[in-house]
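Asks: generate a structure from the sequence data that follows.
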Amino acid sequence: MSQDDLRMHLLELGASVEQVVGLGEGDLVGLAGDLQLAAGLDLDLDALAAAAPCTPDEAQTVYDLLGLHVEQLVGFGDGDVALLRLLSGDTSGMAEQVGPSLLRVAGSSMARMADATVAAYVQDIEPEASREMDPIRLADQNAVGSALALEFADCLSTVFRHHLWVAVRRQRMTQIGVALPEIVRMAIGFVDLVGFTSLSRFASPAELLATVETFERRAFETSQRLGGRIVKSIGDEVMIAADDAAAVSEIARQLVAERRDDDTVLGRGGVSAGDVLFRLGDYYGPVVNLASRLADEAVPDEVLVDRATAENPGVTAVAAGRRSLKGFAEPVEVWTLTRTELS
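Replies: Okay, the predicted model is just below:
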């Protein structure tokens, strides 16, 4: 099968002559997916602004906040018009100060999701398909993958609605008896992989990816099962949150209890509980800092906890002395977690 056959197939799918001329086979195969992603994006920035209506500079500001450079985009469509109308209208409900920050969080979350979608296809689906398919079939597979990704994205509004329902109730629960809207009463935990830096010097990229993916999967599944939430994951470390210190402690305990077959990577953790500064889906303040420092201080297979966590009725811990922790002026009394009522 020649590249001319592939070019003819792409022309039949809606590609222009200018798009297919001069491209090699790999780029031609990818073009099939690009056509799906670009479908319906027929407006330029000026036409988008006129339809919204707003000025081109105002439109560009919105996309800047979302982490998108308009000059890199293929075009705009009806969804972009609706987005700008919402953000520039009187019914958006976004406070002047919160709006830009919320857009930055949304944009960065969407960028990560897009990267993850592309990586999943390139690393898991495409290599297997390329061994079995001729270029035309592979191009069609690329188009199908892009179409499915867009369909999945359209369905995520339902997932967001469910998460919003849960988030509202979590906020109400964690702010009972709290005077300031920026404060919630939570337990925070950190768990990391000891020895990962050493492992990264000798292991292959595939082995490192497998280690991180296994750790993140276990952290997500354990947190989901025990009523916690992974706030974020940074390679070999995860941050856990829940309204119950016993739940966070048990999640941390189970994560550090498992290990690689060769014992080269072990877990350690730290848990702290109390009043936490909450903003745009993340947590800050002394309680968070203490949990992080406790994880740094713990030895492999150990979870260190603070007094508030140790005194939780669902937690059993033994005194482990006072420790000098970075960022804390005075030594901090710590406990070693032994079990929880969820064990």
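
Asks: would you indicate which residues of stretch 59-68 are buried?
Replies: 59-60, 62-63, 65-66 (16 or more other C-beta atoms under 10 Å). Bear in mind the C-beta positions are built from the backbone N, C-alpha and C, glycine included.

Asks: got the contact list for Val74?
Replies: 34, 37-38, 41 (C-beta atoms under 8 Å, 6 or more residues apart in numbering).

Asks: biggest separation within the residues you listed, which pair?
Replies: Greatest spatial distance among the contacts of Val74 (C-beta to C-beta): Asp34 and Leu41, at 11.0 Å.

Asks: now, of the contacts of Val74, which are buried?
Replies: Buried, going by 16+ other C-beta under 10 Å: 34, 38, 41, out of the contacts of Val74.

Asks: want to throw these into CSV with distance to Val256 and pLDDT?
Replies: As requested, those are exported to CSV (distance: C-beta to C-beta, whole Å; pLDDT from 0 to 100):
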residue, distance to Val256, pLDDT
Asp34, 45, 86
Ala38, 47, 90
Leu41, 48, 95
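
Asks: what about these, which are in helices?
Replies: 34, 38 (DSSP state H).

Asks: quick one, domains of the protein?
Replies: 3-172, 180-340 (automatic domain parsing).

Asks: okay, those, which one's buried deepest?
Replies: domain 180-340 (a mean of 19; mean count of other C-beta atoms under 10 Å).

Asks: distance between that domain and the chain's centre?
Replies: Counting by C-alpha atoms, centre = their mean, to the nearest Å, domain 180-340 is centred 18 Å from the centre of its parent chain.

Asks: next: stretch 42-53.
Replies: 31 Å.

Asks: and the end-to-end length of it?
Replies: One end of stretch 42-53 to the other measures 17 Å (C-alpha to C-alpha, to the nearest Å).

Asks: quick one on the thing from earlier: now the buried residues of stretch 59-68 in TSV, with distance to Glu302, secondary structure and pLDDT?
Replies: TSV is the format used below for these (distance: C-beta to C-beta, whole Å; DSSP: H, G, I helix; E, B strand; the rest coil; pLDDT from 0 to 100):
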residue	distance to Glu302	secondary structure	pLDDT
Ala59	53	helix	92
Gln60	51	helix	92
Val62	48	helix	91
Tyr63	47	helix	93
Leu65	43	helix	90
Leu66	42	coil	93
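
Asks: which of those sits closest to Ala15?
Replies: Tyr63 (26.0 Å).

Asks: can you pull the contacts of the closest residue to the closest one other than its chain neighbours?
Replies: Among residues not flanking Tyr63 along the chain, Val70 sits closest, at 5.2 Å (C-beta to C-beta, 6 or more residues apart in numbering). Neighbouring residues of Val70 by C-beta under 8 Å, 6+ apart: 45, 59-60, 63.
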